[in-house]
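1. quick check, what structure comes out for this input:
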Amino acid sequence: MGGIFDKPDQPDNSALEAELEAKRKEEEARAAELKRQQETYKRKVAKGVIGSRSLFGQAGGRGFFG
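-> Predicted structure coming up:
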């Protein structure tokens, strides 16, 4: 037992910390991939490859020759 002024023992959190670190790395990788995709999309829109006024990005033949 212990006295009322003793600090309680801390539980072992090494497994939880390892799991959180793995999830954090996974989330950072996902965020980096999303950022890369957004930059690619912005670049393509700026070039005119895709977008609502693009001559080449419309499906079903409604683009340049439509």
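2. element containing the residue sitting nearest the centre point of the chain?
-> The residue lying closest to the centre of the chain (Cα atoms, centre = their mean) is residue 31, at 2.6 Å. Per DSSP states H and E, residue 31 falls inside helix 14-47.
3. show me what that helix is packed up against.
-> Applying 3 or more Cβ pairs under 8 Å, 6 or more residues apart in numbering; DSSP states H and E, we find helix 14-47 packed against no helix or strand. Placement of C-beta: from N, CA and C, glycine included.
4. which stretches of this structure have low pLDDT?
-> Counting by pLDDT under 70, the ranges of the chain that qualify are 1-2, 55-66.
5. residue 42: neighbour count?
-> Per other Cβ atoms under 10 Å, the neighbour tally for residue 42 reads 10.
6. look up how far residue 49 lies from it.
-> 11 Å (Cβ to Cβ, to the nearest Å).
7. which residues are in contact with both of those two?
-> Residues touching both residue 42 and residue 49 (Cβ atoms under 8 Å, 6 or more residues apart in numbering): there are none.
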